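>>> Need coordinates for the below:
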Amino acid sequence: MPDLSAAERRAAAVAWAVSGAFGPVIPLVIMFVYRRSAFVARHAGQAVLAYGFVMASALAALVLMVGVAAVQLAQHGAPDPYAPAPRLVQGSVVAVGIGIGLVYAVQIAASLWMARRAFAGEDVRYPLVHRAVRRRALVAERG
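Below you'll find the model as predicted:
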């Protein structure tokens with residue numbers, strides 16, 4: 001592991017810490033500011049992609065929920081606007097809401113855990129996204 005400055009370790013930790021709750025903007029800025037540091041670029045890039053993965057999962061869950069509502073509408077027609085929603089639709093809304101909340105909470109916890117490890121100078125790998133970031137970092141190191 002190369003010698004890392006305190007600023008590099010801090011930047012990588014901040015990229016992870018803010019990505020879980022606030023999204024990819026700050027990690028992108030950090031990645032641009034510290035673009036010559038492969039360590040920071042890897043961590044910030046993984047933080048951005050991890051947030052994107054969580055948002056893609058949430059979008060897939062919302063599409064599933066809309067699909068359930070569409071199937072319910074196709075089977076039973078338009079419901080009376082004053083009647084309660086069918087139980088299947090209610091259940092899917094609640095299940096998707098709870099699922100998105102749990103995924104978001106896990107993302108925040110994982111981001112804080114990764115931030116702690118990045119601050120310690122460890123080269124951590126977030127599942128599913130580290131390969132794409134590693135390829136980009138290797139290209140950046142070459143030239």
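>>> any idea which residue sits dead centre in this structure?
residue 51 (1.8 Å; CA atoms, centre = their mean).
>>> Phi, psi for residue 23 please.
phi 100, psi -170 (degrees, to the nearest 10).
>>> Setting aside sequence neighbours, what's the nearest residue to it?
residue 51 (5.8 Å; CB to CB, 6 or more residues apart in numbering). C-beta coordinates here come from the backbone N, C-alpha and C atoms, glycine included.
>>> Who are the contact partners of that neighbour?
19-20, 23-24, 27, 107 (CB atoms under 8 Å, 6 or more residues apart in numbering).
>>> Please apply the same query to residue 52.
Contacts of residue 52 by CB under 8 Å, 6+ apart are residue 24.
>>> Can you give me the buried ones in the host helix or strand of it?
Element membership for residue 52 (DSSP states H and E) is helix 38-76. Within helix 38-76, the residues that count as buried by 16 or more other CB atoms under 10 Å are 38-51, 53-54, 58, 61, 65, 68-69, 72.
>>> Now do the helices in this structure.
6-22, 25-33, 38-76, 87-119, 130-142 (DSSP state H).
>>> The closest residue to residue 48 other than its chain neighbours: neighbour count?
Closest residue in space to residue 48, ignoring its immediate chain neighbours: residue 24 at 4.2 Å, by CB to CB, 6+ apart. Other residues near residue 24 number 20, with proximity taken as other CB atoms under 10 Å.
>>> now swap in the one 10 residues further on and tell me
Around residue 34 sit 19 other residues, with neighbours defined as other CB under 10 Å.
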